[in-house]
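Kindly return the folded structure for what I paste below:
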Amino acid sequence: MRPLLEVEGLSVAYRRRGAVVRALDDVSFDVGAGETVGLVGESGSGKSTAGRAILGLTPVSAGTIRFDGRDVTELPFAARRELYRDMQMVFQDPYSSLNPSRTIGQTLAEPLRAFGLRDRAQLRARVREMLERVDLPPEAQARHPREFSGGQRQRIAIARALMLEPRLVICDEAVSALDLSIQAQVLNLLRELQGDSGLSYLFISHDLEVVRHLCDRIVVLYRGQVMESGEGARVSRDPSHPYTYALQQAAPVPDPRLQRSRRQARAAQAETSLDAAAESRGCPFAPRCPHAQARCRSERPRPRAVHDGGLVACHRYPEWRDELAGEGVVAAPGGDAVEPALPGPVGRGTDHDA
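I've put the predicted structure just below:
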């Protein structure tokens, strides 16, 4: 079957102080019907830019976006508005994504009103039904956002995204502002809603562990380029690219000694210049990668197949993994390493150390 969403060669560039900054550079991936695809990377990797470009909120410099076989890259406003029936977004901050002056009922009814539904009884019934689907009481529709917790507000944001019964929902860091117990509740809710209605999700996150629990496939971005992609469990537990390994090792571990060593490894390499990566003609991760060689800095690696049907953009795969094993780093069950060997610091979004 043809994927519901196809992104091919997507590039987004901005002009800043006379220079061209590439937020996305030749990014390709797809999302199937009823599938969840994770878009993972640290702050500045281009994840949110990709989501906004798909929705038409950010202009595209090059590439093609197709939804259900239709090219939607440069749709005019009227056609784009109709597309929003099938595409919706859940934003990161549940405190700023809801209008504080409107009741929850008014907020949830707004998308329906925008598409022509005016009957008050039908609006109230649809709002009540959607609140029940996200495990909130019907009387919540008469209250304001300030009366709800962060987790409840995110449930309301999810309900708003589902009011038009879309086929694709883009979740942009939808759980990163929530504590761990509430994160689990919201992730379970997203999974239940998908099972009920066959939704497709593009789940954007900096947290590889969160994505592993929800996503069928994972696409890893760094500085606007795809580092690797593949089946979710394999990418998160058995990474093919040194940058994905860095994200994996950024997750906290219960061993204080190992956690301290990881923190020291990041601090020791924290002075790496990101400008060097921006100026590199090769792999953007090469200035931070302990396995990089001259070719990595001079020639951009093209994606090539790995054993599970995924792709990796690395000149030195699988040699870098052999080097890691030679340093005494052995993957333990669950993807943790018994000795630290972090290839470069990861961004603020992935550093969970206290």
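
residues contacting the nearest residue to residue 230 once chain neighbours are set aside?
Among residues not flanking residue 230 along the chain, residue 310 sits closest, at 2.2 Å (CB to CB, 6 or more residues apart in numbering). Quick note: C-beta positions are derived from backbone N, CA and C, even for glycine. Applying CB atoms under 8 Å, 6 or more residues apart in numbering, we find residue 310 in contact with 217, 228, 229, 230, 231, 234, 235, 240.

so of the residues you listed, which ones are in strands?
Cross-referencing these against strands under DSSP state E gives 217, 228, 229, 230, 231.

tell me the strands in the stretch 201-350 of the chain, going along the chain?
Secondary structure of the stretch 201-350 of the chain (DSSP state E, counting those that start in this stretch): strands located at 217-222, 225-231, 304-305, 311-312.

any chance of those in JSON lines, plus mean neighbour count and distance to residue 172?
Compiled in JSON lines, the strands of the stretch 201-350 of the chain are given as follows (neighbours: other CB atoms under 10 Å; distance: least, CB to CB, whole Å):
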{"stretch": "strand 217-222", "mean neighbour count": "27", "distance to residue 172": "13"}
{"stretch": "strand 225-231", "mean neighbour count": "24", "distance to residue 172": "18"}
{"stretch": "strand 304-305", "mean neighbour count": "11", "distance to residue 172": "29"}
{"stretch": "strand 311-312", "mean neighbour count": "20", "distance to residue 172": "24"}
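
Going by mean pLDDT, which of those strands comes out lowest?
Ranked by mean pLDDT, the strands of the stretch 201-350 of the chain end with strand 304-305 in last place, scoring a mean of 93.

Parallel or antiparallel, which strands does it pair with?
Paired with strand 304-305 in the same sheet, following DSSP bridges, are strand 311-312 (antiparallel).

Name the spans of the stretch 251-354 of the chain whose pLDDT lies under the cut-off.
252-255, 258-259, 261-280, 327-354 (pLDDT under 70).

same thing with the stretch 1-150 of the chain?
If you take pLDDT under 70 as the line, the stretch 1-150 of the chain has no such spans.

residue boundaries of the helices in it?
All helices of the stretch 1-150 of the chain, identified by DSSP state H, counting those that start in this stretch, fall at 47-54, 77-83, 104-114, 120-133, 150-162.

So for residue 298, which of those helices sits nearest?
Residue 298 sits nearest to helix 47-54 of all the helices of the stretch 1-150 of the chain, at 26.7 Å, using CB to CB.

re earlier: turn the contacts of residue 310 into TSV, including distance to residue 141.
Below are the contacts of residue 310 laid out as TSV (distance: CB to CB, whole Å):
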residue	distance to residue 141
217	36
228	44
229	41
230	43
231	41
234	43
235	41
240	48
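
Between these, which sits nearest residue 284?
residue 228 (13.3 Å).

Tell me who's in contact with the closest one.
For residue 228, the contact set (CB under 8 Å, 6+ apart) comprises 219-220, 235, 239-241, 244, 306, 310-314.

do you know which of the helices of the stretch 1-150 of the chain lies nearest residue 206?
helix 47-54 (7.7 Å).

hey, C-alpha coordinates of that closest one in PDB?
Extracted C-alpha coordinates of helix 47-54, given in PDB (Å, rounded to 0.1, in the frame of the first residue of the first chain):
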ATOM      1  CA  LYS A  47      12.400  18.000  13.800                       C
ATOM      2  CA  SER A  48       9.800  20.800  14.400                       C
ATOM      3  CA  THR A  49      10.700  22.400  11.100                       C
ATOM      4  CA  ALA A  50       9.800  19.200   9.300                       C
ATOM      5  CA  GLY A  51       6.400  19.100  11.100                       C
ATOM      6  CA  ARG A  52       5.600  22.700  10.300                       C
ATOM      7  CA  ALA A  53       6.700  22.300   6.700                       C
ATOM      8  CA  ILE A  54       4.300  19.300   6.300                       C
END
